Structures are given as structure tokens and as C-alpha cells.
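Asks: Based on what follows, work out the 3D shape:
(2 chains)
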Amino acid sequence: MTGKGKRETGKVLLEVRDLHASVEGREILRGVDLTVRAGEVHAIMGPNGSGKSTLAQVLAGHPAYVVTAGQVRYEGNDLLALAPEARAREGVFLAFQYPVAIRGITNAYFLRSAVNAIRKHRGEEELGPVEFMDALEEKLKVIGWDSSYLTRPVNEGFSGGEKKRNEILQLAVLDPKLAILDETDSGLDIDALKTVAQTVDKLRRPDNATVLVTHYYRILTHIQPDVVHVLAGGRIVKSGGKELALELEEKGYDWLREEAVVA
Amino acid sequence: MTDVADRTERYVAAFEAFARNGASGAPKWLRELREGAIARFAELGFPTMKQEEWRFTSVAPIADQRFILAHAPRSPLPAAADIERLCVGVGPRVVFVDGRHAPTLSTPGELAGGVWAGSLAAALRANARREELARAHLARHARWRESAFAALNTAFLADGGFVHVPAGVTLEHPLEVVFLSTGRAASDGPVVSHPRSLMVVDRGAHASVVETYVSASDGVYWTNAVTEVVVGEGAWAELYRVQQEGPQGFQVATTHSRQERDSYLGLHVVTLGAALARHDINAVLDGPGAELVLNGLYLLSGAQHADHHTVIDHAQPHCASHEFFNGVLADRAHGVFNGRIIVRPGAQRTDSKQTNNNLLLSTEARADSQPQLEIYADDVKCTHGSTVGPIDPMQLYYLRSRGLSPEAARSILTYGFGAEILDRMRHAEVRHRLDGLVRARLA
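Replies: Model (predicted):
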């Protein structure tokens, strides 16, 4: 299902059909359908436990989630056949809900390793430390950071907000075609939230797309989504424009649950 | 199997020969010290795994072997270029070959500011002032009465590094004391050396010292080392200790430090070598306001076994100790970490943190981690934690989700275990050299 069609001309980037996925033998996704075109921003909303994060993780290739049925095509190819690193190299990026800390490895080294893995895949020359730092400077400004964050170990001792900003920095540096933000807005103060929203907005181009997975309406006051989906019980039960998000904000999710059961 | 008494007896016999020949010119206090130490060794005997302190480490491969006391290095001595290649190499150096000073490979002992970095034997022989200094400190800190190995080292105490930095002097470059083992056996068996070092950093002085134990040989030998470190009031000292013994080498060592009021000591231990290694670190914070930073890294593979036992003794109030030990264990390697922190009665306002993380790179690798806190004061802050486990699948996935191959991700995560420790080392040049060793080891 797509939105009201103002960008129907963009080519299809991601096509999810009847996706079923389980974790530890428990079925979480029960037939998700989703089409994302280049140039679009989609918001996926839903109550806790509805499968939002599972969908995000399945798209990125989390090893603990098992796809039991359905398919996902990315730029026309079978995304599920690719290893997580291959998906990343092809331009899929997931901003983690709970970013992982890595001891001993500086943020700068980590970012450069990631950039170079992707550049190498594209047949581009790898960047040395100095060139990389030059390229990074501008991206740092965007998220309002100084370079001191680069010499710290990846997410080690970072506050919740710092971890989320660090995900956005990676998003800015890696410049993916399909960015999936898994509750990047949760637990952020208003300044951090604005930074995240502005960065996502700045990175918006006709040839890329963003899927915002969120529990709250708040971030949608800063980012204009083309389509809003409601995920409940492992399915997308409703799609619409921004007004749907507003409706959710006012009425909560309970009415949808009932609707889903009735359906 | 050798009889227990036999194993001890042969060292007592070797001591008698040593006392008659090579050691007879020593001052009386030293002769008495040695005699007391061999008697203590005979009483203690080699430890067994039944003893709590040795429950994870069997010294049978050492005790069962008939080691011959290494004598003055036989020619040919290693080439200067070999030393250059094997040492950390960031400043003046004192080189010992099989436990004996090699003056031709060493820089002169007299350095600017009255600093002395040379051979303990030479200091005892030729300089009354230095002999007095050695006498004031040697075997005063190392608890040789409690340790058979330290007792044996003390019994055969003949030579080792002697570093003295006088009050208020700042040492410009790190000094390096290199213990090279040739791995060459004597006609009647493999050799043991007992290097004994003393580092005295007087009041208000500032110094970094590197202690390197290294061998390019795959021969069987044993190094039984003891180092005593004394850091005076308000002094700042760092001791980097790099152990790269040969693959069939054995090393047992103790490092004892004593710190006075308001002093800083950074003890940095990198353990890469030896078939069997045991390192005891006993650090005493013996004056208010003293700070100890103790960093350790062990990278083991094959069938290597390394056991680190650290005891941090907070004897005075307002002292801080920060201890971080990481281990990376591949193949069938076995790492042991035992970290004891003692906070004495009255040592209020102690701030102590201890962490030991172990990364297992194979299902056959093993790590034993035992923190022990003994706190006898009430107003203290002590934390400790330890982990043992394989590479975290979430970390691996996180890196892969950023485009890194599983191999690259594993290698980064493994290196991170080492880098976390290296990052805590203050001297940039030494750290850089050690980083090179760690990278080469993990490659």
C-alpha cells in the first residue's frame, strides 16, 4: 500500500510482501505489506509489541529473527538473501533503537571502517584517516558535535541521547539509499529531537527514502511523512497521510486493536 | 615424576655451589639475605595446585625439569641489531642476556641529572652510595618469605636492572631494561636465570621505565624474575612490562611496588609470550593520597597458560587504585586472573575500581577470573567486575550492519579488547610500540 500518491512517480525502492517473521519460535510479523518509493518518508507507528522493531531488524538482517514466509525486494532484488553487511553495502541503513557499545574502538576508526567497507564495495578508493576527518567535519557540525566524540570508544559511556545522535552521525556519513530509524526519537530531549529531525530532513533526496519507526507523534511535527502506517498485531492495519498520525495522537492505539480484532 | 624433596634439594645444592663460587665477593648483608632465602625456599618447596593461590596453575613443568643456573653469557652475544629489533626501543637501555649484564649492548649507566640505569651487580661492586641504596630497598618490599619463587630469586640474587632517579629529577626518555633469553641450554640441561631489578624513584621525581622480557628462541628455559619498585613522596612513575618469552619458555615473576604519600604509579603489563607464565603483582599504597593505575593485557594462543595474580593493598587513607585487565584467549589457551584488593582498617576514602574482561576466541579456550575484596574500613568506594565470554553476537551484528565483513568485525572487536587497555597508557611513544606488538600478535 502506498500513500495518497503525490510521489507515485518515484521508483519502488522497497517492496515487502506478506512478511512473516519469528524470534525464538514466537511469530511477531504476520503478513506485513509495505511499498516505499524513492523520495518518500514513511512513518510506521504502533503500540509496544506490535512488531515495529522486528520489522526494522528483519530488514537489516538481525540473525535472531527468522523469516518464515513472504518476501522483501530492495531495488528489485531479494533483500532477504543478502547478509547484513551486503545489505549495508547496497545502501540499507538501520539506526538502532539500542546502539551497541564497542570497547577500545574509537568512533572515528569505526566510522572510517564502515565508510571504507562501503566505498570498497562500490569500487571507490578507501579514505585515509586525514581525508576521512576532513570529510567528517561538516557532518559533525550537522549534528552539533565537536570532534571529541570521535576519539571516544563507540557508544561506550554515551548517554541515551548521545547514542542516538551517534546513529544519526553514521546515517549522515554513510549516506544510505534506504534509512530505517528504529525509535531514534525515543528518550530524546527536544533539542536532540530537532537535531535528529533536521538531519533526516537535510538528507532527504529524490533518490533515497526513510522509514521512521516511532511510538510517538512528536517527531512527525518536525518531519513531514508522505505516508503513515499503523502496525498492530504484526500487520499493517491502516495507512494514510499525516492526519492518521494526528488521529493516533488523539485517540491512542486501543481503537485500532479492536478494529484489528474485528477485522 | 620426581620426588618433592628432590626437586627442592637440587636448588639447595646449586645454591651451595653458587655461594662458594660466583657469589663469594658479595657484601655480608647480601650473603646473609641469600642464605635466609634459600632456607626459606627449602621450607616452602614448589607450590602445588592444592594451594589456593595456585589452584589454576600447575608449576609441575618447571618443578619437574632439571634447570641449571645460567652463568655469564657465553659468546657470541646477540647482535645489537637483534636487541634493537626485540626491544621496545624508545630510550636508553640496559641489556641482560640470560640474566647477566651485557655492557657492550647497553648504554652507559650514568645519565643526566644523576640518574643511574645500569646493572645491580655493578652498583653493588663499585659504588658505596648505590650499594647503600640497594641495601635499603632490596628484598624489603618483595615478600620472599611467602613465595617460593621470590625466595629462590632472592637466594640467587646476582644481577638485574637498577634504576635510580634522584629527588626532583625528570627523566626525559623512558629507560628500558631488557632481559633477553638466548634459550641455549647448558651442557647438562636447560638454564634458569633469576633477574632481580630495583627501581627507585625518589621524592618528586618523574620517570617512565620499560621492562622487556624477550626471546627469539624456541628452546626450553626458565626466567624467575623479581622487580621491586619504590615511588617516593609526590613522585610520578610508570613501569611498562612487556613479556615476550619464547614459545617453550617458562616465566615466573613478581613485581612489588611501594608508594609513598601523593605519588602516582602506572603499572602496565603486556603478556604475550611463554608456554607457562605466572606474574604476581603486589602493590602497596603506603602513603595518603597515593594513586595506582594498573593495566594488564594478556593475549594467548596455542596451549599457552598465563596466570596474573594482583594484590592491591590500600594501607593508608585517601588512596585510589584503578585496575583494568583484559585477556584475549585463542585456541586452547588458558588465562587466569586473580585480583585481590585489601582495604586496611583506617584506609578511609579509598577509591578502588577493578575490572577484568576476557574474550574467548575458541570453544577450547578458557579463562578463570576471581576478584577478591577484603575491606576493613567503612568509608570507601570499591567496585569490581569481570566477564568471560565469546565475541558478543550483537556487537558483531552491529558492525556487519555498517558494512563490515564478519572477519573484519571480529578482528576489530578483538583488537578493541587490547586497545581498551593500551589507551590507558600515558606515554604515547611506548603505547604506539606496544600497539604494534598487539596488532602483530592478533594479525
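
Asks: can you pull the contacts of the nearest residue to residue B:182 once chain neighbours are set aside?
Replies: In this structure, residue B:182 finds its nearest non-sequential neighbour in residue B:98, 5.7 Å apart by CB to CB, 6 or more residues apart in numbering or on different chains. For the C-beta atoms, the positions are set from N, CA and C on the backbone; glycine is no exception. Applying CB atoms under 8 Å, 6 or more residues apart in numbering or on different chains to residue B:98 gives the contacts B:70, B:73, B:180, B:181, B:182, B:184, B:191, B:193, B:221.

Asks: Burial check on the residue of the stretch 101-250 of chain A found nearest chain B, number of neighbours?
Replies: Nearest residue of the stretch 101-250 of chain A to chain B: residue A:104, at 3.2 Å (CB to the nearest CB). By the criterion of other CB atoms under 10 Å in any protein chain shown, residue A:104 has 21 neighbours.

Asks: Thought residue B:415 was touching it, still the case?
Replies: Yes - assessed by CB atoms under 8 Å, residue A:104 is found in contact with residue B:415 at 6.9 Å.

Asks: show me where the stretch 151-263 of chain A has helices.
Replies: A:160-174, A:190-202, A:242-251, A:254-262 (DSSP state H, counting those that start in this stretch).

Asks: quick check, the longest one touching chain B?
Replies: Yes - using CB under 8 Å from any CB of the partner chain, we find that helix A:160-174 touches chain B at A:170, A:174.

Asks: what sits against residue A:113?
Replies: Shown in contact with residue A:113 (CB under 8 Å, 6+ apart): B:399, B:402, B:404, B:408, B:412.

Asks: quick check, it in a helix?
Replies: Yes - assessed by DSSP: H, G, I helix; E, B strand; the rest coil, residue A:113 belongs to a helix.

Asks: quick one: low-confidence parts of chain A?
Replies: A:1-8, A:257-263 (pLDDT under 70).

Asks: what does it put close to chain B?
Replies: A:60-64, A:83-85, A:87-89, A:93-94, A:96, A:99-100, A:102-105, A:109-110, A:113-114, A:117-118, A:121, A:153, A:170, A:174.

Asks: Which ones among the contacts of residue A:113 map onto strands?
Replies: Per DSSP state E, strands hold no members of these.

Asks: which stretches of the stretch 1-150 of chain B form helices?
Replies: Under DSSP H, counting those that start in this stretch, the stretch 1-150 of chain B gives helices at B:4-20, B:28-44, B:60-63, B:80-86, B:120-126, B:128-137, B:148-155.

Asks: Give me the buried subset of the contacts of residue B:98.
Replies: B:70, B:73, B:180, B:181, B:182, B:191, B:193, B:221 (16 or more other CB atoms under 10 Å in any protein chain shown).

Asks: Check the stretch 51-200 of chain B for the residue nearest chain A and tell me.
Replies: residue B:88 (20.6 Å).

Asks: Now that that residue has come up, it's in contact with residue B:244, right?
Replies: No - assessed by CB under 8 Å, residue B:88 is found out of contact with residue B:244, at 10.0 Å.

Asks: Looking at the two, which has the bigger crowd around it?
Replies: A side-by-side neighbour count of residue B:88 and residue B:244, using other CB under 10 Å, places residue B:88 first with 23 against 20.

Asks: hmm, back to that, where strands are concerned, which of the buried ones among the contacts of residue B:98 count?
Replies: Per DSSP E, those map to strands at B:180, B:181, B:191, B:193, B:221.

Asks: In CSV: those, plus distance to chain A and pLDDT.
Replies: Shown next, in CSV, are those (distance: CB to the nearest CB, whole Å; pLDDT from 0 to 100):
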residue, distance to chain A, pLDDT
B:180, 30, 96
B:181, 31, 95
B:191, 38, 95
B:193, 35, 96
B:221, 33, 97
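
Asks: and the residues you listed, which two are the farthest apart?
Replies: For those, the maximum inter-member distance is 12.9 Å, found between B:180 and B:191 (CB to CB).

Asks: Around chain A, which positions in chain B sit nearby?
Replies: B:357, B:392-395, B:397-406, B:408-409, B:412-413, B:415-423.

Asks: about what we covered before: ranking the helices of the stretch 151-263 of chain A by mean neighbour count, which comes first?
Replies: helix A:160-174 (a mean of 21; mean count of other CB atoms under 10 Å in any protein chain shown).

Asks: Report the rounded mean pLDDT for stretch B:333-340.
Replies: For stretch B:333-340, mean pLDDT rounds to 98.

Asks: Could I get the CA-only coordinates of that stretch as CSV?
Replies: The C-alpha trace of stretch B:333-340 is given here as CSV (Å, rounded to 0.1, in the frame of the first residue of the first chain):
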residue,chain,number,x,y,z
ALA,B,333,45.0,-21.0,25.8
HIS,B,334,44.2,-20.6,29.4
GLY,B,335,44.2,-17.2,31.2
VAL,B,336,43.9,-16.8,34.9
PHE,B,337,43.2,-13.5,36.7
ASN,B,338,43.0,-13.2,40.4
GLY,B,339,42.6,-9.7,41.7
ARG,B,340,42.7,-9.0,45.4
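
Asks: And the contacts of it?
Replies: Identification of contacts with stretch B:333-340 by CB under 8 Å, 6+ apart yields B:53, B:56-57, B:296, B:298, B:300-312, B:323, B:325, B:327, B:329, B:354, B:356, B:358, B:365-374, B:384, B:386.

Asks: Report the distance from it to the chain centre.
Replies: 14 Å (CA atoms, centre = their mean, to the nearest Å).

Asks: What segments of the stretch 101-250 of chain B are strands?
Replies: B:110-111, B:115-119, B:161-165, B:175-181, B:191-193, B:196-201, B:206-215, B:221-231, B:236-244, B:249-259 (DSSP state E, counting those that start in this stretch).

Asks: right, so of those, which gets closest to residue B:144?
Replies: Short answer: strand B:221-231, nearest of the strands of the stretch 101-250 of chain B by CB to CB, at 7.6 Å.

Asks: now the angle from that closest one to strand B:236-244?
Replies: When axes from the mean of the first three to the mean of the last three CA atoms, to 10 degrees is applied, the directions of strand B:221-231 and strand B:236-244 differ by 170 degrees.

Asks: ok, which stretches of the stretch 301-443 of chain B are helices?
Replies: B:393-400, B:406-422, B:428-442.

Asks: Lovely, talk soon.
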